[in-house]
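Student: Predicted structure and sequence below. I'll ask about it afterward.
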Amino acid sequence: MCPCRDLLDMVASKWTALAIGALEDGPKRFGELKRRLDGVSQKMLTQTLRTLERDGLVTRTVYPSVPLRVEYELTALGRSVTEPLAALRLWAQQNYESVAEARETFDSAEPMGLEPATAR
């Protein structure tokens, strides 16, 4: 059991990777992040940002104004993960069609038995 497994699970999360990517170019308000992360629910974005804040990757700053203004920004630790995540996003963009074709081929093939292979 790898002690870093929970950290890998968090960083590998789709919404975590996308939220960190959205924050790479500077602080954002919640609404800005929600617009940039097309398809994320308010609940999921809130959970993702809280996890990132708890893990020290994001800071949350509340400005005393009416209405309250809240901004999220990457910490030094959060910025340190941007390069590997950017490489992963680039890989996904470059290989999406190949993976989609492989899935289609697999899904249209005759189902194979579920028996485990035996050594002869």
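Tutor: Thanks, I have the structure now.
Student: What helix or strand is D25 located in?
Tutor: For D25, there is no enclosing helix or strand under DSSP states H and E.
Student: elements contacting the one helix or strand E101 maps to?
Tutor: Using DSSP H and E, the element containing E101 is helix 82-108. Applying 3 or more C-beta pairs under 8 Å, 6 or more residues apart in numbering; DSSP states H and E, we find helix 82-108 packed against helix 14-23. Where C-beta positions appear, they are placed from N, C-alpha and C, glycine not excepted.
Student: I'd like to check the angle between the helix it packs on and helix 82-108, please.
Tutor: 140 degrees (axes from the mean of the first three to the mean of the last three C-alpha atoms, to 10 degrees).
Student: Can you give me the buried ones in helix 14-23?
Tutor: For helix 14-23, the neighbour count (16 or more other C-beta atoms under 10 Å) marks 15-23 as buried.
Student: I figured E71 hits G26, correct?
Tutor: No. Taking contacts as C-beta atoms under 8 Å, E71 lies outside contact range of G26: 9.3 Å.
Student: which one of the buried residues of helix 14-23 is nearest K43?
Tutor: W15 (10.9 Å; C-beta to C-beta).
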